[in-house]
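# Pasting the sequence and the predicted model now:
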Amino acid sequence: MQSKEKVVITGMGAVTPLGTGVEKFWDNLIAGKSGITNITKFDASDLPVQIAGEVTDFNPAGYMDKKQAREMETFMLYGFAAADEAMKDAGLYEDDLGNYPIARDRIGIVFGSVFSGIANIEESSNLLSAGKRINPRFITKIIGNVGAAQIAIAKHLQGPSLTVSTACSSGIDAITMGNMLIESNMADIVICVGAEAANCPITIQGLSAIHALSHRNDEPETASRPFDLDRDGFVMSEGSGAVIIEKESVAKKRGAKVRAKLLGCSNGTDGFHVTSPHPDGIGAIATMKGALDAAGIGVSDVDYINAHGTSTPKGDIIEVKAIKTLFGEYANKVAVSSTKASMGHLMGAGGVVETIACVKAVEEDIIPPTINQFTKDPECDLDFVPNEARHTTVNVAMCNAFGFGGQNASVLVGKYTE
């Protein structure tokens, strides 16, 4: 029998180009700072795109020993660190006797990533081409499920473990799948993680070849311009986010601080094209409506939308059209911002990190801005909270993520009251 009780968010963790740790990420986000720079982690001088969002303040030693770190690819390291912070934030850790507050087989993990170990694949291919041997850990560093496995092994967890790869929707879909595990009573608590570290020549070249990326190499901090008239593509970024979701009754029993309610989730596909969203935004409309229906609320109950808003010429217009179609007259009243303007596109991690931004907006009644708003686009005419954060009541926030293959995902979070 399915549980119908509330699902709540009790912990969060983040590793981002705006900083490692939720508070540092949030403070820099609402301050309107940019985490996009010239690429420093490899030689990008011969690439058409030489800018990205890079994590610059991360030290694995703060989360694991050297042996553990050697076992993991970078996306796994980021995911592990975000999960570790989220678990500590939620008070979810073993006591002196090695026991969790609930049975360890009732704690699940869902891990989302688009590219998993692609940077390691490229590096290893180059080694083979040079007649050298590859690392014996190659296989376990490139397959996506090992990201979740490393968390489970280190934390001694034995509940459900799933990995999702639904393009840019992977992060929100990790939360959606975690919610499904709870609703089906397969788990009481789920660690939902999105992680990515795919800033490497092969992805930069591939995405540039399909004209997806911004080429503003001389203006990295202002290259990501969602909804601005002069936007020319998105900026690749790396990082991770993690949220702990659980049954309200479990959170109460163990005395956890509830940060927000998980109101509703939804997933759907366009059934249209591999890289282009449906021109009428039919999948985005259906998915946003699905999240509202799951939450049992209407469009006028939403105070803030964290838009997918990647800064692509066509994609931004289609998302605006979808919001207008579903929200009707209220579309001109709801605040909409894209945090990708500040940190770029974290791919599989984006949906979780942006959900964290929504939770913080609900907690603190602050809407993060869409920076780099210079020239208004007449086809993008919503309230994008331009350039400066806004202090206003936020009871309900929606987060959108749309990806290649026509993937669409939406999640709603709200203020918690017993």
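That came through fine.

# Neighbours of the nearest residue to Y416 once chain neighbours are set aside, how many?
Sequence neighbours aside, V258 is the residue nearest to Y416 in space, at 4.6 Å (criterion: CB to CB, 6 or more residues apart in numbering). From N, CA and C alone the C-beta is placed, and that goes for glycine too. Counted with other CB atoms under 10 Å, residues neighbouring V258 total 18.

# per-residue confidence for V258?
Per-residue confidence at V258 stands at 98 (pLDDT).

# And it, how close does it get to G178?
Using CB to CB, to the nearest Å, one gets 16 Å for the distance from V258 to G178.

# pLDDT value on the residue of the chain most remote from its centre, please?
Distance from the C-alpha centroid of the chain, by CA atoms, centre = their mean, peaks at G131 (38.0 Å). Per-residue pLDDT puts G131 at 95.

# Tell me the secondary structure at it.
Here G131 is coil, with the state taken from DSSP: H, G, I helix; E, B strand; the rest coil.

# ok, back up a step: would you confirm that the residue nearest to Y416 contacts K6?
No. Using CB atoms under 8 Å, V258 is not in contact with K6; the gap is 9.2 Å.

# Mind listing what's buried along the strand or helix carrying A82?
Using DSSP states H and E, A82 falls within helix 74-89. For helix 74-89, burial by neighbour count (16 or more other CB atoms under 10 Å) applies to 74-87, 89.

# For burial, what's the neighbour tally of N332?
Neighbours of N332 under the rule other CB under 10 Å: 11.

# what residues do V258 and K6 have in common as contacts?
E248 (CB atoms under 8 Å, 6 or more residues apart in numbering).

# and V336, that's in a helix?
No. Going by three-state DSSP, the assignment for V336 is strand, not a helix.

# Check whether it really touches D381, as I assumed.
No. Using CB under 8 Å, V336 is not in contact with D381, being 10.7 Å away.

# of the two, who's got more company?
Higher neighbour count among V336 and D381: V336, with 26 against 13, using other CB under 10 Å.

# Look at the more buried one and report its pLDDT.
For V336, the pLDDT comes out at 98.

# beta partners for it?
V336 forms beta bridges with I305, as assigned by DSSP bridges.

# now G19
Here G19, judged by DSSP bridges, has bridge partners T16.

# just the helices in the protein please.
Ranges of helices in the chain, per DSSP state H, are 22-30, 66-71, 74-89, 118-129, 138-142, 145-155, 170-183, 201-209, 248-253, 282-295, 313-327, 340-343, 350-364.

# per-residue confidence averaged over the last one?
Taken as a whole, helix 350-364 has a mean pLDDT of 98.

# Now do that helix: distance to the chain's middle.
Centroid separation for helix 350-364 versus its chain: 9 Å, with CA atoms, centre = their mean, to the nearest Å.

# Can you give me the buried ones in stretch 387-399?
Quick answer for stretch 387-399 (16+ other CB under 10 Å): 389-390, 394, 396-399.

# typo on my end, it should be stretch 215-234
Of the residues in stretch 215-234, 216, 220, 222-228, 231-234 count as buried by neighbour count, 16+ other CB under 10 Å.

# Run a quick neighbour tally on the residue lying closest to T140 once chain neighbours are set aside.
Spatial nearest neighbour of T140, excluding adjacent residues (CB to CB, 6+ apart): V146 at 5.2 Å. Look at V146: counted by other CB under 10 Å, it has 23 neighbours.
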